[in-house]
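Student: 3D, please:
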Amino acid sequence: MLVLQPEVFEVASRWLILTGSPSITSTAFDALLLSALDTLHASFVPLQSGSDLSTLIADLKDAIKLPGWVGSLLKWSGLITMIIGIIAYFVSPSVNNRRRGFAMATTGVVISIIGFAFPVFIGLIDYVLSG
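Tutor: Below is the predicted model of the structure:
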């Protein structure tokens, strides 16, 4: 039996979306790939089939425990992105590039706000996961 990694399913599904549905003139590789995808897709277990959701929530809470330097990194990268976006907005003669500069500046503001209030942001995510 052919055992595929889950990443193969993702790559193959994107490839199938780009190429469209298989036609009558599909190659043997397409047929092999589709049969392997059907086998892999059938082996997936739904999330709520007998598994306890409290362990899933506990795993998600453990996943959001980040070191303190992540907040500092977000703060500084947000400020730098905001400054570069403002410079791009005022220097660019093109309307499209001004839109990109504005989008970059606003993204930088949002990222820096999250960086400045990083403990509050993590506490909010923890509160949402607590239900």
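
Student: need the helices for this structure, in chain order.
Tutor: For the chain, the helices defined by DSSP state H occupy 6-19, 28-42, 53-63, 69-91, 95-116, 118-130.

Student: by contact count, what packs against the longest one?
Tutor: Of the remaining helices and strands, those touching helix 69-91 by 3 or more CB pairs under 8 Å, 6 or more residues apart in numbering; DSSP states H and E are helix 95-116, helix 118-130. Bear in mind the C-beta positions are built from the backbone N, C-alpha and C, glycine included.

Student: worst average pLDDT in the ones you listed?
Tutor: When the helices and strands packed on helix 69-91 are ranked by mean pLDDT, helix 118-130 comes last with a mean of 85.

Student: other SSEs contacting that one?
Tutor: helix 53-63, helix 69-91.

Student: try it again with 6 Å
Tutor: With contacts defined as 3 or more CB pairs under 6 Å, 6 or more residues apart in numbering; DSSP states H and E, helix 118-130 has these neighbours: helix 53-63.

Student: tell me the most buried of the helices and strands packed on helix 69-91?
Tutor: Compared across these, helix 95-116 shows the largest average neighbour count, a mean of 15 (mean count of other CB atoms under 10 Å).

Student: quick one: contacts of it?
Tutor: 71, 74-75, 78-79, 81-82, 85-86, 88-89, 92, 121 (CB atoms under 6 Å, 6 or more residues apart in numbering).
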